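A.B. asks: Pasting a predicted model and its sequence here:
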Amino acid sequence: MFEKMVDELKGAGVQLVAVSKTKSPDQILELYHKGQRVFGENKVQELVSKQEALPADIQWHLIGHLQTNKVKFIAPFVAMIQSVDSLKLLLEIDKQAAKCQRSIPCLLQFHIAEEETKFGLSLEEAEALLDSDAFRGLQHVRVAGVMGMATFTDDETQIAREFRRLRELFAALKARFFAEDPGFKEISMGMSSDYRIAVREGSTMVRIGTLLFGSRS
């Protein structure tokens, strides 16, 4: 299953983030030994403990909601923070990254689903963030693209519409703020149940757990 999926995604130019939340280090190592190097975790405490226990060349992505007071624990090593939903959070990431003398790639999380959720920017909020003097002063974060989650539904037309919306948001930000920045290139969308729809709609990065590891522990 894993090898087939990797070939499928590689052919489409899409990065696989293996979502390893609740999975043991041994389960993660199984995929690691098959060649997987990019893993996604939802919770800071779990991410830190796995980073300490597992090979140093794993690229860890934080994909869950991140509180500002926990940024310092992952700033030394995290490869990407996919769930940035406020300027306040970006400012804290910049501050902690500066202490570690590194730059942390981030994705802006958008609320594209019809389900009620606390997290995710609107286009207007993202534009205000990117237009601010505070954002322009950041030196240790790099906004690399956007992230979003579709509604949990069997309606594939709705899912496709929501993913298309995220692609449109990406294009709008690219044109206005990042036209000269080749590093602004990621559209992280698609999970186990809908990743093929996401790929068709322009995803560059999918976050897959259940199909790789089985149901949550």
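C.D. replies: On my side now, so go ahead.

A.B. asks: Am I right that residue 80 is in contact with residue 62?
C.D. replies: Yes. Contact criterion CB atoms under 8 Å: residue 80 and residue 62 qualify, at 7.5 Å. For the C-beta atoms, the positions are set from N, CA and C on the backbone; glycine is no exception.

A.B. asks: Relative to residue 164, how far out is residue 171?
C.D. replies: 10 Å (CB to CB, to the nearest Å).

A.B. asks: Compare the two (neighbour count), which wins?
C.D. replies: residue 164 (16 against 13; other CB atoms under 10 Å).

A.B. asks: contacting residues around the more buried one?
C.D. replies: 201, 202 (CB atoms under 8 Å, 6 or more residues apart in numbering).

A.B. asks: That one belongs to a strand, doesn't it?
C.D. replies: No. Assessed with DSSP: H, G, I helix; E, B strand; the rest coil, residue 164 is helix; it does not lie in a strand.

A.B. asks: Now residue 38, what are its backbone angles?
C.D. replies: Per-residue torsions, residue 38: phi -110, psi 120 (degrees, to the nearest 10).

A.B. asks: I should have written residue 81 there, sorry.
C.D. replies: The phi/psi pair for residue 81 (degrees, to the nearest 10) is phi -110, psi 110.

A.B. asks: Could you do residue 144 as well?
C.D. replies: The phi/psi pair for residue 144 (degrees, to the nearest 10) reads phi -100, psi 0.

A.B. asks: quick one: contacts for residue 20?
C.D. replies: Contacts for residue 20 were tallied using CB under 8 Å, 6+ apart; they are 27, 28, 31, 39, 40, 41, 50, 209, 213.

A.B. asks: List only those of those residues flagged as buried.
C.D. replies: The neighbour count (16 or more other CB atoms under 10 Å) marks 28, 31, 39, 40, 41, 50, 209, 213 as buried among the contacts of residue 20.

A.B. asks: Could you confirm the fourth one falls within a strand?
C.D. replies: Spelled out, that is residue 40. Yes. Residue 40: assigned to a strand according to three-state DSSP.

A.B. asks: Residue 72 - nearest residue in space that isn't next to it in sequence?
C.D. replies: Distances taken as CB to CB, 6 or more residues apart in numbering place residue 96 nearest to residue 72, at 4.9 Å, with adjacent residues excluded.

A.B. asks: ok, and the one you found, which helix or strand is that part of?
C.D. replies: helix 87-99 (DSSP states H and E).

A.B. asks: Flag every buried residue along the helix or strand residue 125 falls within.
C.D. replies: Using DSSP H and E, residue 125 sits in helix 123-131. By 16+ other CB under 10 Å, the buried positions in helix 123-131 come out as 125, 126, 129, 130.

A.B. asks: mind listing what the third one touches?
C.D. replies: So the one you mean is residue 129. Going by CB under 8 Å, 6+ apart, residue 129 touches 86, 87, 90, 108, 121, 135.

A.B. asks: what sits against the first one?
C.D. replies: Under the criterion of CB under 8 Å, 6+ apart, the neighbours of residue 86 are 121, 129.
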